[in-house]
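A.B. asks: Provided below are the primary sequence and the corresponding predicted coordinates.
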Amino acid sequence: MLKIKIFIKDKKTNIKMLFLCVIIVYLCFFILYKPIEIAKGAKNGLLFSANTLIPSLFPFMFLSSFAVKSGLAEHMGKHLSIITEKLFGLPGYCSATVILSMIGGYPVGARGVKALYDEEMINDAQAQKMMCFCVGAGPAFIISVVGQQMLKSTAIGIIMLIAQIISAVILGIYVNLREKHHFSEHTLPKKQCINEKTPLLIKKNDIITSIVDSCADCCGGMLNMCAFVVLFSAFLAVLECSNVLGAISSLINAAGFEKNAADAVTPLLLEVMNGCKYACEGAVSPLIIAFGICWGGICVHFQLFTALNRIKISKSRFWAYRLAHGALAATITYACILAYNPALPTSAVADNTLKFTQNDSLFGSVMLIITCIAFLVSIREKAA
C-alpha cells in the first residue's frame, strides 16, 4: 500500500514537472522567436508602472504602513472601533487599513494587513478575514486611467469606484456574519493570546523612524509589484504572438460571449491593466470592466500573496471572494447606470454595448452572484 502511494505521488510529481518543462520551453521559444514583440509587452508594463502604478499607489501604501507603525491606527481605532467591530468583527485599530484598502489600490490592503500582523496586532485568522474584502483598485486607476483615459467617461469611473467600495463593505459584513465560525478561533491579537489578562502593548515608533521604516517598506513592495506587472505584460505578449489568446477567445465566443467581450476575458483574468485596455478598445460593457477591476487579475493576486508570505491565506477562499466581489460590483454598476444614465462612450453605443449593458447583463450578473455565493458556501468547511 505504501509503495502504491509513493508511486502515485511520484507520478503526479513527474507529470507536474513535465508540464512545467513544456511551459518553459514554449515561453523561451517565443521570447527568442518574437523578441521585439515580447520586449514591447515588457516595455508597456514598465511604462504603466512608471506613469500610473507608482504615482497613484505609493502615497497610499506609505500612509497605510505609517498609520500602523506610528500608532495612528490604534488611536483611530478608539473612535472607529464600534463600526469595525459591529460590521466586520475586527478590532478598532484595523479601521485605517480597511478604509485605505478600499481607496488606496490593490496592494495597500495587503501591506496594511502585513503591517498589523508584523506588529502582532492581529493573528492569522484575522488577517485571512481581512483579505476576503480588503482588496480594491485605487481612485487614480479607476477614475483617471479606466474612466477618463480609456472609457472617456469620468462618470463611469466614479460609478465603478462606488460599486467597488459598496461591494467590499457587503462582503466584509457577509464574512463576519456568515463565516463567523471559521474565524472564531484565536480571535485575540497574538500578544493577548499569550496571556488574556495582559493588556495589549503596541510598540509605537517616533515620527521620523515611522516615516523612514514605512518608506523603506513601501519601496520593497512597490518594486515587487512593478516586477509582476512587467512579467505579466510580457507573458500576455507571448500569448498574443502565439495566437493562444485568439484560440481562447474563440472558445469563449463559442460559449455565448460577444466577440469583443471574449477577447477581453483572458487579459482581465490575468492582468487587470492590460485587461481593461483590451476591454475598452473593444467597447466592452462597463459591467465586465467593473467585474475585472474587482477581480484584480492573477498578477495582482501574486503580488498580494508575496506581501503576505508569512501569513497562512486560503487561496480557494481568496479567489472565491474575488469572484463574488466582481459579481457584486458589476451588479451595482448596472443599477447605478440605470439610475443615473451617464453618457457612455460613443464607441460603446455604436457597438451595441449599451443594449448589452441594459438587457442581458442583469441576468448574467444575478446568476454570477448566485454561483459565487454557492461557491462560498461550498468551501466554508473545506477551506481552512
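C.D. replies: Everything's here; your move. Numbers count the residues shown, from 1 in each chain.

A.B. asks: helix, strand, or coil at residue 283?
C.D. replies: coil (DSSP: H, G, I helix; E, B strand; the rest coil).

A.B. asks: for it, give me the pLDDT.
C.D. replies: Here the pLDDT value assigned to residue 283 is 79.

A.B. asks: is it in contact with residue 260, as I believe?
C.D. replies: Yes - using C-beta atoms under 8 Å, residue 283 is in contact with residue 260, at 6.2 Å. For glycine as for every other residue, the C-beta is placed from the backbone atoms N, C-alpha and C.

A.B. asks: and the residue nearest to residue 213 when sequence neighbours are not counted, what is it in contact with?
C.D. replies: Distances taken as C-beta to C-beta, 6 or more residues apart in numbering place residue 69 nearest to residue 213, at 5.6 Å, with adjacent residues excluded. Shown in contact with residue 69 (C-beta atoms under 8 Å, 6 or more residues apart in numbering): 115, 119, 205, 209-210, 213-214.

A.B. asks: please apply the same query to residue 58.
C.D. replies: Counting by C-beta under 8 Å, 6+ apart, residue 58 touches 218, 222.

A.B. asks: from residue 52, how far out is it?
C.D. replies: 11 Å (C-beta to C-beta, to the nearest Å).

A.B. asks: same deal with residue 123?
C.D. replies: Taken as C-beta to C-beta, the span from residue 123 to residue 52 is 35 Å.

A.B. asks: out of these two, which sits in the busier spot?
C.D. replies: residue 123 (22 against 18; other C-beta atoms under 10 Å).

A.B. asks: phi first, then psi, for the more buried one.
C.D. replies: phi -110, psi -170 (degrees, to the nearest 10).

A.B. asks: now the phi/psi pair for residue 283, please.
C.D. replies: Dihedral angles (degrees, to the nearest 10) for residue 283: phi 50, psi 40.

A.B. asks: ok, residue 131 next?
C.D. replies: Dihedral angles (degrees, to the nearest 10) for residue 131: phi -70, psi -10.

A.B. asks: next up, the contacts around it.
C.D. replies: Going by C-beta under 8 Å, 6+ apart, the list of residues near residue 131 reads 109-110, 113, 304, 308, 313, 318.

A.B. asks: with residue 26 instead?
C.D. replies: Residue 26 touches residue 242, counting by C-beta under 8 Å, 6+ apart.

A.B. asks: no further queries at this time; thank you.
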